[in-house]
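Asker: sequence? don't have it. structure:
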């Protein structure tokens with residue numbers, strides 16, 4: 001269950017696609033990403049890391065809208081490097097989550113990692129990222145001359161943004177593009193970038209658009225009037241947590257991660273022992289060789305089972321609604337309701 005890096009190759013299709021792209025949608029970031037891919041294929045991991053760092057820095061200063069696929073490639077290629085030469089158990093998964101945050105439709109590159117297990121893991125992460133909370137976009141209908149792009153996609157009032165780190169680019173009335181990396185918990189004041197500010201405060205812009213724009217505009221002071229004593233409000237009823245969904249997603253995630261840990265901690269080392277025994281047949285007798293093979297098969301099938309059941313649990317849990325519940329009967333345990 002080892003993962004192997006493919007031999008170097010020219011990605012002609014992607015290269016021609018970039019050459020034919022509009023100049024407003026291609027720039028230094030795309031060039032850095034392509035150069036990093038070439039370095040990975042050449043086995044020069046250090047140079048690839050340098051180029052990917054440069055691509056992330058260029059994204060924050062780009063004068064053109066950065067493609068979501070290019071942003072996702074930065075994180076995906078970093079995850080590939082971590083797997084082959086770093087922390088494959090945790091860091092690789094974190095980086096691949098960021099790739100899917102930038103582009104949930106991003107395709108796993110089998111020319112870099114050919115084995116099936118990491119592909120299945122990537123698909124499970126796709127479900128996980130897609131199930132994250134979504135936040136309101138925070139764009140204003142009274143500022144049509146300001147265009148907001150999040151990870152290369154034009155943000156409209158009817159769209160939501162997945163919680164997490166994204167590249168925000170704002171095209172302002174001065175025809176300039178202002179960029180900033182921002183971690184969404186709630187929508188920022190995008191229009192502050194057009195006025196010399198930053199997104200850092202994270203406060204949603206005033207939808208009324210009152211007051212003058214720019215740095216020097218000040219709001220008039222308000223005269224506070226005596227407040228009337230009000231009756232205390234009844235507390236709002238808390239929304240019930242869908243325990244069925246929580247249970248399914250939690251159990252599925254735990255099983256899936258358990259399978260991944262078992263693969264890296266037990267299956268791969270056992271396979272390495274088998275490879276060493278094949279290289280030196282005299283080091284083991286027949287009984288020892290059979291026992292080692294049986295141990296490997298048991299670990300391998302256990303890993304496949306955990307990954308499969310875990311992925312199924314995540315998938316089913318994602319589609320569970322508030323009308324669905326666990327049903328316990330003498331015949332077993334199942335789900336009842338609608339999905």
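Answerer: The structure has been received and is ready for your questions. Computed from a predicted model, the values in this text were never measured in an experiment.

Asker: from residue 147, how far off is residue 191?
Answerer: Computed with CB to CB, to the nearest Å, the distance linking residue 191 and residue 147 is 11 Å. Every C-beta, even on glycine, is put in place using the N, C-alpha and C of the backbone.

Asker: of these two, which one has the most company?
Answerer: residue 191 (20 against 16; other CB atoms under 10 Å).

Asker: now the strands for this protein?
Answerer: Defined through DSSP state E, the strands belonging to the chain, from first to last, are 134-135, 147-150, 153-154, 161-162, 164-171, 177-184, 325-329, 332-336.

Asker: for residue 102, find the nearest of these.
Answerer: The minimum distance between residue 102 and those falls on strand 164-171, with 7.1 Å, by CB to CB.

Asker: buried sites along the closest one?
Answerer: Residues 164, 166-171 are the ones in strand 164-171 that count as buried (16 or more other CB atoms under 10 Å).

Asker: ditto for stretch 135-149
Answerer: Of the residues in stretch 135-149, 135, 137-140, 143, 146-149 count as buried by neighbour count, 16+ other CB under 10 Å.

Asker: end to end on that stretch, go ahead and measure it.
Answerer: Distances were taken as CA to CA, to the nearest Å; on that basis the terminal residues of stretch 135-149 are 15 Å apart.

Asker: could you do stretch 269-288 as well?
Answerer: Using CA to CA, the span of stretch 269-288 from its first residue to its last is 16 Å.

Asker: who's in contact with the closest residue to residue 126 other than its chain neighbours?
Answerer: Excluding its sequence neighbours, the residue lying closest to residue 126 (CB to CB, 6 or more residues apart in numbering) is residue 100, at 5.5 Å. In this structure, residue 100 makes contact with 72, 106, 125-126, 129-130, judged by CB atoms under 8 Å, 6 or more residues apart in numbering.

Asker: and those as TSV, adding neighbour count and pLDDT?
Answerer: Rendered in TSV, the data for those read as follows (neighbours: other CB atoms under 10 Å; pLDDT from 0 to 100):
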residue	neighbour count	pLDDT
72	24	96
106	20	96
125	19	95
126	19	95
129	19	94
130	12	93
